[in-house]
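Enquirer: 3D model of this:
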Amino acid sequence: VQLQASGGGLVQAGGSLRLSCAASGSIFSINVMGWYRQAPGQKRESVATITSDGRTNYVDSVKGRFTISRDNAKKTVFLQMNSLKPEDTAVYYCSIQGLQKSWRTFDSWGQGTLVTVSS
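Expert: Here you go, the predicted model:
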């Protein structure tokens, strides 16, 4: 299973960006989809996750500003980021967990997309 992330870039503080991550391959079902980020010199942290039944979870620092959503038919997860702050600057990674058609579970990660927020 491969993931292709897109949507990062440079934006001024207060601006918005929308990240997308599409899965491809022999997928039977998708369970949890999520976004993580890693800033320079820091550990990777979970930003937002969404389950197959739509339950979402956010790190406190992005609540009210970021929204995670998914399109099951397109096997895609999105992260709408509004009111961006310089501290949101990081490489953002998507992660998708599920079941392949071979009945093997998978936990795949995207290649990372850089988000830079200027002050």
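
Enquirer: Let me know whether Gly8 touches Leu17 as I believe.
Expert: Yes: counting by CB atoms under 8 Å, Leu17 is a contact partner of Gly8 at 6.9 Å. In short, each C-beta sits where N, CA and C put it, glycine included.

Enquirer: any residues in contact with both of the two?
Expert: Counting by CB atoms under 8 Å, 6 or more residues apart in numbering, the common neighbours of Gly8 and Leu17 are Val115.

Enquirer: and Leu99, what does it touch?
Expert: Shown in contact with Leu99 (CB under 8 Å, 6+ apart): 27-29, 31, 105-106.

Enquirer: Where neighbours are concerned, which of those residues has the most?
Expert: The most neighbours of any of these, using other CB atoms under 10 Å, belong to Phe106, which has 18 neighbours.

Enquirer: for the helix or strand hosting that one, packing partners?
Expert: Phe106 belongs to strand 105-109 when assigned by DSSP states H and E. Here strand 105-109 touches strand 2-6, strand 90-100, going by 3 or more CB pairs under 8 Å, 6 or more residues apart in numbering; DSSP states H and E.

Enquirer: okay if I get those as CSV plus mean pLDDT and distance to Gln111?
Expert: What follows is the helices and strands packed on strand 105-109, written out as CSV (pLDDT from 0 to 100; distance: least, CB to CB, whole Å):
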stretch, mean pLDDT, distance to Gln111
strand 2-6, 95, 6
strand 90-100, 97, 8
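
Enquirer: Which strands border the strand holding Phe106, and is each parallel or antiparallel?
Expert: In the sheet, strand 105-109 lines up against strand 90-100 (antiparallel) (DSSP bridges).

Enquirer: quick one, the partner strand and strand 2-6 angle?
Expert: Interaxial angle of strand 90-100 relative to strand 2-6 (axes from the mean of the first three to the mean of the last three CA atoms, to 10 degrees): 150 degrees.
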